[in-house]
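Undergrad: Turn this into a structure:
(4 chains)
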There are 2 protein chains.
Amino acid sequence: MERLIRNLKIAINPKVFVKDPESSDLGKRLVEHGIGLIDAHGFENFTFKKLGEQVGSNESSVYRYFENKHKFLLYLSSWYWGWMEYRLVLNTLGIADAEEKLSKALEILTQPVELDMAFEHIDEVALNRIMVNEHSKPFLTKSVDRENREGYFEPYKRLVERLAEMIRAVDGDYGFSLSLASTVLEGSLHQHFLDVHFPSLTNCKKPETITRFFKQLVSAALNQAS
Amino acid sequence: MERLIRNLKIAINPKVFVKDPESSDLGKRLVEHGIGLIDAHGFENFTFKKLGEQVGSNESSVYRYFENKHKFLLYLSSWYWGWMEYRLVLNTLGIADAEEKLSKALEILTQPVELDMAFEHIDEVALNRIMVNEHSKPFLTKSVDRENREGYFEPYKRLVERLAEMIRAVDGDYGFSLSLASTVLEGSLHQHFLDVHFPSLTNCKKPETITRFFKQLVSAALNQAS
DNA sequence: GCAAATATAATAGTGTTACTATCATTTATA
DNA sequence: TATAAATGATAGTAACACTATTATATTTGC
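TA: Numbering: from 1, shown residues only, chains lettered A, B, ... in the order given. Next comes the predicted model:
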């Protein structure tokens, strides 16, 4: 298992990078320290100059891997959703019962993330914090439609589609499987954000409660509609 | 009614502006054209220099009203949520039945916005598009906690609280009234965004469908829980 | 082991943005 | 009409997001 897992790689659309950061030591350090910097100081305060210095190099080296910092965020976001999909599939593969499968899926997608030793240079917990704190920045841009056409959001779209499928497996008559799936994925990040920054706007004081909330919500929606 | 409505003003926390834009003709034009520019070109491409030129003045005049463009967005966002609250209250005031009241509230909060002639210099339809396309930018910043403490998000918080109250009026035993309310408000903007940019991730092709989706979701959640 | 190719590092330069400061001019008010 | 207040015009600064160029390592093919 250890050995097998060590060879795993989350596939990323090559258009988001100039040179694959997984292909070199420097590239991996850029990703590792980029996550650290964004997590610590926020995406707005993150610059390629700082990242270059952080890895003991400079700006120009970073530009050889990523066109700009927005593409860097797209890389992290693609990696994150690709990794979530991998976790989702891995953990639901053996489950035959549709309801049980959906329930497990909701756990995987809404519970707080734990460190995955399979990917050495990526701190998934920090990356998850980044997704919570910056989650809409990859797509809330004027170029979203062009970037969508170029396939930058495929990992996220695949995940929504997978969840929607599991919803339909439980209740084929429910007409809002996609909307519900996208609401859960988006809403989960948002509830985690509220938990940290706006506790008065959520009843989920503990992260487990977020999972309970969404499980109950989905189950209610499907029970009613069928 | 016309007369009464003409004297209405959405109250905004004075900390978000340097000088109240409602207090002068220039101020109102700044807000009016600011909405136009952000709607047309996106918040990232919006600068005070362009806004100054747009109103036949210059950068320095804009800075006399707003500290920076983030505060300008906070102003628009505060106005929008304040206006939503006003519409919510106005349209549900006379309804005695709790379920009917909640149903009306969900319509007000999730349906596409129409022009409100009561506020001459504000194009609510364009402002709504801005909220859909930029909605998380007011709070997805490193300074969110400080700004929250300074009260910049009160209008939004009040609205969530009001909706949560209406949910509890229908079902006092439901334990997630705040989470559900914040999920609906956030989710509604998100579904409208998906409708425009990611149609494959939503079942809501027509805006009315978004309202149906959330009404059904809320009603299911409350029926089950009680 | 050496030359060629490739990757990385260092430096400099450009246009834009987000301001700040200063001063001149117009407009409102006492 | 004098005075104050609001607005307009201009200049300047530091940081940022790049691009370009050149120098120096490091790897690879032979």
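
Undergrad: List the residues that contact residue A:79.
TA: The contact partners of residue A:79, by Cβ atoms under 8 Å, 6 or more residues apart in numbering or on different chains, come to A:10, A:12, A:122, A:127. Placement of C-beta: from N, CA and C, glycine included.

Undergrad: Report pLDDT for the closest residue to DNA strand C within chain A.
TA: Nearest residue of chain A to DNA strand C (Cβ to the nearest atom of the strand) works out as residue A:57 at 3.0 Å. At residue A:57, the model reports a pLDDT of 95.

Undergrad: ok, the closest residue to it other than its chain neighbours to residue A:78 distance?
TA: If the residues on either side of it in the chain are set aside, residue A:57 comes closest to residue A:26, at 6.9 Å by Cβ to Cβ, 6 or more residues apart in numbering or on different chains. Distance of residue A:26 to residue A:78, computed by Cβ to Cβ, to the nearest Å: 20 Å.

Undergrad: ok, the two, which is more surrounded?
TA: residue A:78 (23 against 16; other Cβ atoms under 10 Å in any protein chain shown).

Undergrad: and that one, helix, strand or coil?
TA: Three-state call for residue A:78 (DSSP: H, G, I helix; E, B strand; the rest coil): helix.

Undergrad: swap in residue A:122?
TA: Quick answer, by three-state DSSP: residue A:122 is coil.

Undergrad: What's the local residue count around it?
TA: Counted with other Cβ under 10 Å, residues neighbouring residue A:122 total 20.

Undergrad: Equivalent analysis for the one 10 residues further on, please.
TA: By other Cβ under 10 Å, the residues close to residue A:132 number 21.

Undergrad: my guess is it contacts residue A:189, does it?
TA: Yes: the criterion here is Cβ atoms under 8 Å, and residue A:132 meets it with residue A:189 at 5.4 Å.

Undergrad: Quick check: which element contains residue A:184?
TA: In this structure, residue A:184 sits in helix A:177-197 according to DSSP states H and E.

Undergrad: Can you spell out which helices and strands pack onto the helix or strand residue A:62 falls within?
TA: Here residue A:62 sits within helix A:59-63, counting by DSSP H and E. If contacts are counted by 3 or more Cβ pairs under 8 Å, 6 or more residues apart in numbering or on different chains; DSSP states H and E, helix A:59-63 sits against helix A:48-54.

Undergrad: Averaged pLDDT, the helix it packs on. What do you get?
TA: The pLDDT scores in helix A:48-54 average 97.

Undergrad: and what of stretch A:109-127?
TA: Stretch A:109-127 comes out at a mean pLDDT of 94.

Undergrad: now it: how far from the chain's centre is it?
TA: Relative to its chain's centre, stretch A:109-127 lies at 10 Å (Cα atoms, centre = their mean, to the nearest Å).

Undergrad: And for stretch A:143-155?
TA: On the basis of Cα atoms, centre = their mean, stretch A:143-155 sits 16 Å off its chain's mean C-alpha point.

Undergrad: buried ones in it?
TA: A:144, A:147-148, A:152-155 (16 or more other Cβ atoms under 10 Å in any protein chain shown).

Undergrad: In CSV: the residues you listed, plus distance to residue B:90.
TA: Below are the buried residues of stretch A:143-155 laid out as CSV (distance: Cβ to Cβ, whole Å):
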residue, distance to residue B:90
A:144, 34
A:147, 40
A:148, 38
A:152, 42
A:153, 39
A:154, 44
A:155, 43
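
Undergrad: among those, which are in helices?
TA: A:144, A:147-148, A:154-155 (DSSP state H).

Undergrad: Sticking with residue A:104, tell me its helix or strand.
TA: Per DSSP H and E: residue A:104 is located in helix A:98-110.

Undergrad: Let me know the angle separating the helix or strand where residue A:213 lies from helix B:207-225.
TA: Assigned by DSSP H and E, residue A:213 belongs to helix A:207-225. If you take axes from the mean of the first three to the mean of the last three Cα atoms, to 10 degrees, helix A:207-225 sits at 100 degrees to helix B:207-225.

Undergrad: Return the set of buried residues in helix A:207-225.
TA: Those would be A:209-222, A:224-225, for helix A:207-225 by 16+ other Cβ under 10 Å.

Undergrad: what's the answer for stretch A:77-97, then?
TA: A:77-88, A:92.

Undergrad: now, which of the buried residues of stretch A:143-155 sits nearest chain B?
TA: Using Cβ to the nearest Cβ, residue A:144 comes nearest to chain B of the buried residues of stretch A:143-155, at 5.3 Å.

Undergrad: Isn't residue A:91 up against residue A:109?
TA: No: counting by Cβ under 8 Å, residue A:91 does not reach residue A:109; the two are 10.2 Å apart.

Undergrad: residue ranges with poor pLDDT in chain A?
TA: Low-confidence segments of chain A (pLDDT under 70): A:1-7, A:225-226.

Undergrad: Quick one: name the residues of it near DNA strand D.
TA: Residues of chain A found near DNA strand D (Cβ under 7 Å from any atom of the strand) are A:45, A:47-49, A:59-60, A:63, A:67-70.

Undergrad: Next, give phi and psi for residue A:136.
TA: Dihedral pair for residue A:136: phi -90, psi -10, per degrees, to the nearest 10.

Undergrad: Quick check: the closest residue to it other than its chain neighbours vs residue A:143, distance?
TA: Spatially, and ignoring its direct neighbours in sequence, residue A:136 is nearest to residue B:136 (4.5 Å; Cβ to Cβ, 6+ apart). Distance of residue B:136 to residue A:143, computed by Cβ to Cβ: 17 Å.

Undergrad: Equivalent analysis for residue A:11, please.
TA: Taking Cβ to Cβ, one finds residue A:11 at 23 Å from residue A:143.

Undergrad: now swap in residue A:173 and tell me
TA: 38 Å.

Undergrad: Which residues belonging to stretch A:118-133 are considered buried?
TA: Buried residues in stretch A:118-133, counted by 16+ other Cβ under 10 Å: A:118-119, A:122-124, A:126-133.

Undergrad: Just the residues contacting that stretch, thanks.
TA: With contacts defined as Cβ under 8 Å, 6+ apart, stretch A:118-133 is touched by A:5-6, A:8, A:10, A:28-29, A:31-32, A:35-36, A:38-39, A:42-43, A:76-77, A:79-80, A:83, A:112-116, A:189, A:192-193, A:196, B:140.

Undergrad: List, out of the residues you listed, those positioned next to DNA strand C.
TA: Counting by Cβ under 7 Å from any atom of the strand, no member of these reaches DNA strand C.

Undergrad: Buried among these? Make that a ChimeraX selection.
TA: A single ChimeraX command selects the buried members of the contacts of stretch A:118-133 (16+ other Cβ under 10 Å):
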select /A:10,28,29,31,32,35,38,39,42,43,76,77,79,80,83,113,116,189,192,193 /B:140
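
Undergrad: How about chain A: which residue is closest to DNA strand D?
TA: Using Cβ to the nearest atom of the strand, the closest approach of chain A to DNA strand D is made by residue A:68 at 2.8 Å.

Undergrad: What is the neighbour count of that residue?
TA: 11.

Undergrad: now residue A:98
TA: For residue A:98, the number of neighbouring residues by other Cβ under 10 Å comes to 15.
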